[in-house]
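> I'd like to go over a predicted model; first the sequence, then the structure.
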Amino acid sequence: MGQDIRFIISPSTRFTPIQRSSAVGFWLLMILGAVLLSATIAYEVWQGRLAGDRALLRRNRAWKRAQALLKQARTQIDDSAAVSALLERSLKAYLGDRLNVEENALETRELIELLEQRLGAGELTGEVGNFLENVDRLRFAPASSTGSVSDQIETVQGLLKQLNLELSR
């Protein structure tokens with residue numbers, strides 16, 4: 001049996017060093033795997049938080065929802081009553097989602113009071129209140145329009161940007 005093993009062993013017993021380029025690739029692959037694993041775990045934790053916290057979910061989707069309503073208003077620019085309703089809905093939906101209240105259950109006055117509690121009585125709160133009152137008036141009396149529909153859309157876009165900055169603080 002001893003003689004059989006002698007013939008199986010390879011004649012070269014020296015170790016040959018690996019090339020440097022394959023060692024770098026190995027470590028890059030290990031680091032990439034660790035980063036991907038960490039990102040996957042973080043994403044799962046974030047999804048778990050969103051699933052359990054309805055207010056956080058509403059806050060996170062508020063901007064996208066308001067922008068989708070504004071986009072819809074831009075497509076219906078010929079119908080001023082429909083655009084006014086969509087503008088009011090986009091602003092109220094954004095405020096409702098950010099303040100975690102049902103926007104359909106509140107009147108304009110109540111929504112402004114909640115906004116004042118959150119931001120204080122300032123210029124932005126007054127602008128939002130005035131715009132919502134004007135939109136209500138335009139929706140039911142389109143002849144009393146003081147500006148173009150595209151100007152109203154841009155006004156809502158500006159108000160949403162300002163509110164996003166103020167409510168994110």
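Cool, got the structure.

> which element, helix or strand, includes Met30?
helix 20-52 (DSSP states H and E).

> list the helices and strands that helix packs on?
With contacts defined as 3 or more CB pairs under 8 Å, 6 or more residues apart in numbering; DSSP states H and E, the packing partners of helix 20-52 are helix 54-75. To be clear about C-beta, it is placed using only N, CA and C from the backbone, and glycine gets the same treatment.

> state the mean pLDDT of the helix it packs on.
For helix 54-75, the mean pLDDT works out to 87.

> which parts of that helix are buried?
58-59, 62-63, 65-66, 69-70, 73 (16 or more other CB atoms under 10 Å).

> check stretch 102-115 too.
Applying 16+ other CB under 10 Å to stretch 102-115 flags 103, 106, 108, 111-112, 115 as buried.

> repeat that for stretch 157-169.
Neighbour counts over stretch 157-169 (16+ other CB under 10 Å) mark 159-160, 163, 166-167 as buried.

> any idea how far Arg59 is from Glu116?
As judged by CB to CB, to the nearest Å, Glu116 and Arg59 stand 19 Å apart.

> typo on my end, it should be Ile112
Taking CB to CB, one finds Ile112 at 19 Å from Arg59.

> same check, this time on Leu32
Distance from Leu32 to Arg59, by CB to CB: 33 Å.

> and the pLDDT for Lys92?
pLDDT, Lys92: 89.

> so how far is stretch 102-120 off the chain centroid?
Relative to its chain's centre, stretch 102-120 lies at 22 Å (CA atoms, centre = their mean, to the nearest Å).

> swap in stretch 125-136?
25 Å.

> so where's the chain shaky on pLDDT?
1-13, 16-22, 139, 142-147 (pLDDT under 70).

> got the domain ranges for it?
Per automatic domain parsing, the structural domains of the chain span 20-52, 54-167.

> can you give the contact residues for stretch 150-169?
Residues from elsewhere that reach stretch 150-169, judged by CB atoms under 8 Å, 6 or more residues apart in numbering: 63, 66-67, 70, 73-74, 77, 83-84, 87, 90-91, 94-95, 98-99, 118-119, 124, 127-128, 131, 135, 138.

> can you turn the buried part of those into a ChimeraX selection?
Filtering the contacts of stretch 150-169 down to the buried ones (16+ other CB under 10 Å) takes a single ChimeraX command:
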select :63,66,70,73,83,84,87,90,91,94,95,98,99,124,128,131,135,138
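
> please consider this matter closed, and thank you.
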